[in-house]
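# Okay, predicted coordinates and the sequence, questions at the end:
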Amino acid sequence: MAAALAVAFAIASPLAAQARGARDPWREFDAYVAQAVRDWNVPGLAIAVVKDDSLVFVHAYGVRTLGSSDSVTPHTLFANASTTKAFTSMVVAMLVDSGTLHFDDRVSRLVPELVMREPYVTQELTLRDLLSHRVGFGDPEYLWYGRDDDFTTIARHLSLVPPQSSFRSHYAYNNVTYATAGVMAARATGATWDDLV
C-alpha cells in the first residue's frame, strides 16, 4: 500500500507542479526519483511515463549490478518477478471472456505432460486451481530456479513433488502453476505467452 501511495504521489507531483505554473514538471519528478533512489538504497531502476500513447518521460538511475559501474539505461532489462502473475491472470481472464478458455478447463486437455504425484489431481486439476494456488504444495523452486530446464521437463518432474496438503484445501504460493496457466493460454490460442501479454 505504501509503495502504491509513493507511486501515486510520484506521478501526481509533477502534475501538481505543472498546475502551479512550473516550466518543467518532469524536472521535479526526476529530482524526486533520484532522491528516492538514494533514500531507499536502490541499486538501479528505469522509469517510463506514458500519457495518451506518448512517452512523456524516460530516465534511468543507478547501476545494473552492485559494485559495478555499468549504468542502467532506459533499455536495461529487469526481471518482472511475480508481476507476471498479474499479466498471466489478465490474459487468461480475457481468454475466458472471449470463450477461448474456461476457468474450469482441465489442465490435462492442453498440458498433458503435466503429471502430479496423485493421478486424481492430474485428472481433476483446472485452470482455476492453477490461478488460486491450491494444488496441494507450494512452489517447487528447486525444479526451476537457477536451472535451464524447459517447461515440459519441469511439468513432468511435478510428479516427484510430495503434497503438503490435500488438493484444493489450502493456499500455497506457486510459480510453476502460473507458468502452467501461461502455457495453457498460449496453447489455446496458438500464440506465445510473450505475444499474448
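Thanks, I have the structure now.

# what residue is smack in the middle of the protein?
Nearest to the mean C-alpha position of the chain, by CA atoms, centre = their mean, lies residue 84 at 1.4 Å.

# Not counting its neighbours along the chain, what's nearest it?
Leaving out its chain neighbours, the residue that sits closest to residue 84 by CB to CB, 6 or more residues apart in numbering is residue 178, at 7.1 Å. For the C-beta atoms, the positions are set from N, CA and C on the backbone; glycine is no exception.

# Check residue 37 too.
Per CB to CB, 6+ apart, closest to residue 37 is residue 61, 4.8 Å.

# Contact partners for that neighbour?
Shown in contact with residue 61 (CB atoms under 8 Å, 6 or more residues apart in numbering): 33-34, 37, 42, 44-47, 72.

# now the strands: where do they sit in this protein?
For the chain, the strands defined by DSSP state E occupy 44-51, 54-62.

# out of those strands, nearest to residue 101?
Residue 101 lies closest, by CB to CB, to one member of those: strand 44-51, at 29.0 Å.

# hang on, the earlier thing: now render the strands of the chain as a markdown table, adding mean pLDDT and distance to residue 171.
Compiled in a markdown table, the strands of the chain are given as follows (pLDDT from 0 to 100; distance: least, CB to CB, whole Å):
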| stretch | mean pLDDT | distance to residue 171 |
| --- | --- | --- |
| strand 44-51 | 93 | 31 |
| strand 54-62 | 95 | 36 |
